[in-house]
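Trainee: Below is the sequence, then the predicted model.
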Amino acid sequence: MGRAGPSSISETSGYKSGGALGATCGTEKILVANREEIAFLLIQTAREMGIPCVAVYSIIDKDALHVKLAKESVYIGEAPSSQS
(Lines give C-alpha, C1' and ligand atoms only; values in the text may rest on other atoms or scores of the structure.)
Protein backbone atom coordinates (compact mmCIF):
# COMPACT_ATOMS: atom_id res chain seq x y z
CA MET A 1 0.00 0.00 0.00
CA GLY A 2 1.49 3.35 -1.02
CA ARG A 3 1.66 6.44 1.13
CA ALA A 4 0.73 9.90 0.10
CA GLY A 5 3.59 12.37 0.34
CA PRO A 6 3.67 14.98 3.05
CA SER A 7 1.12 17.71 2.64
CA SER A 8 1.37 21.30 3.70
CA ILE A 9 -0.12 22.08 7.08
CA SER A 10 -1.89 25.36 7.48
CA GLU A 11 -3.24 26.81 10.67
CA THR A 12 -6.32 28.98 10.58
CA SER A 13 -8.28 29.91 13.70
CA GLY A 14 -6.72 27.06 15.70
CA TYR A 15 -7.64 24.40 13.15
CA LYS A 16 -5.07 22.25 11.38
CA SER A 17 -5.59 20.83 7.93
CA GLY A 18 -3.56 18.52 5.77
CA GLY A 19 -2.91 14.81 5.44
CA ALA A 20 -3.97 12.46 2.70
CA LEU A 21 -7.65 13.37 2.97
CA GLY A 22 -7.23 17.10 3.54
CA ALA A 23 -9.11 16.66 6.81
CA THR A 24 -9.55 19.48 9.30
CA CYS A 25 -9.25 19.03 13.05
CA GLY A 26 -9.73 21.54 15.84
CA THR A 27 -8.50 19.32 18.66
CA GLU A 28 -5.25 19.54 20.54
CA LYS A 29 -4.63 15.77 20.80
CA ILE A 30 -6.11 12.53 19.56
CA LEU A 31 -6.67 9.65 21.96
CA VAL A 32 -5.89 6.33 20.24
CA ALA A 33 -7.71 3.47 21.91
CA ASN A 34 -7.11 0.94 19.17
CA ARG A 35 -4.19 -1.30 18.23
CA GLU A 36 -2.11 -2.71 15.41
CA GLU A 37 -2.54 -1.39 11.86
CA ILE A 38 -5.53 0.89 12.53
CA ALA A 39 -3.70 2.65 15.38
CA PHE A 40 -0.50 2.89 13.34
CA LEU A 41 -2.26 4.48 10.35
CA LEU A 42 -4.18 6.90 12.56
CA ILE A 43 -1.03 8.03 14.40
CA GLN A 44 0.93 8.31 11.14
CA THR A 45 -1.74 10.52 9.55
CA ALA A 46 -2.10 12.66 12.66
CA ARG A 47 1.67 13.20 12.78
CA GLU A 48 1.62 14.35 9.14
CA MET A 49 -1.07 16.85 10.15
CA GLY A 50 0.94 18.04 13.16
CA ILE A 51 -1.54 16.65 15.69
CA PRO A 52 -0.05 14.75 18.66
CA CYS A 53 -1.54 11.41 19.71
CA VAL A 54 -1.92 9.69 23.05
CA ALA A 55 -2.00 5.88 22.86
CA VAL A 56 -3.59 3.87 25.64
CA TYR A 57 -2.32 0.31 26.03
CA SER A 58 -2.46 -2.81 28.17
CA ILE A 59 0.54 -4.88 29.21
CA ILE A 60 0.32 -7.07 26.10
CA ASP A 61 0.86 -4.01 23.85
CA LYS A 62 3.64 -2.33 25.84
CA ASP A 63 6.17 -2.85 23.01
CA ALA A 64 3.75 -2.32 20.11
CA LEU A 65 4.67 0.06 17.30
CA HIS A 66 1.68 2.36 17.83
CA VAL A 67 2.67 2.86 21.49
CA LYS A 68 6.20 3.81 20.46
CA LEU A 69 5.05 6.17 17.69
CA ALA A 70 2.56 8.11 19.80
CA LYS A 71 3.73 11.36 21.37
CA GLU A 72 2.39 10.10 24.72
CA SER A 73 1.28 6.69 25.99
CA VAL A 74 -0.80 5.71 29.02
CA TYR A 75 -0.83 2.24 30.58
CA ILE A 76 -4.43 1.26 31.38
CA GLY A 77 -4.10 -2.19 32.91
CA GLU A 78 -3.50 -5.86 32.44
CA ALA A 79 -4.55 -7.96 29.46
CA PRO A 80 -7.11 -9.19 28.38
CA SER A 81 -8.98 -6.10 27.27
CA SER A 82 -11.90 -6.92 29.61
CA GLN A 83 -9.53 -6.06 32.48
CA SER A 84 -8.10 -2.87 31.02
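Mentor: That came in fine, so what should we check first?
Trainee: what's around residue 35, how many residues?
Mentor: Neighbour count for residue 35, taken as other CB atoms under 10 Å: 19. All C-beta atoms are positioned from the backbone trio N, CA, C, and that covers glycine.
Trainee: Return the per-residue confidence for the nearest residue to it once chain neighbours are set aside.
Mentor: Nearest residue to residue 35, sequence neighbours excluded (CB to CB, 6 or more residues apart in numbering): residue 61, at 5.7 Å. pLDDT, residue 61: 89.
Trainee: Return the distance of residue 61 relative to residue 55.
Mentor: Distance, residue 61 to residue 55, by CB to CB, to the nearest Å: 8 Å.
Trainee: ok, back up a step: and the residue nearest to residue 35, how many neighbours does it have?
Mentor: Neighbour tally, residue 61, other CB under 10 Å: 21.
Trainee: any idea how far it lies from residue 43?
Mentor: 13 Å.
Trainee: dump the residue contacts of the residue nearest to residue 60 when sequence neighbours are not counted.
Mentor: Residue nearest to residue 60 in three dimensions, not counting chain neighbours: residue 79, with 3.8 Å by CB to CB, 6+ apart. Residue 79 is in contact with 58-61, counting by CB atoms under 8 Å, 6 or more residues apart in numbering.
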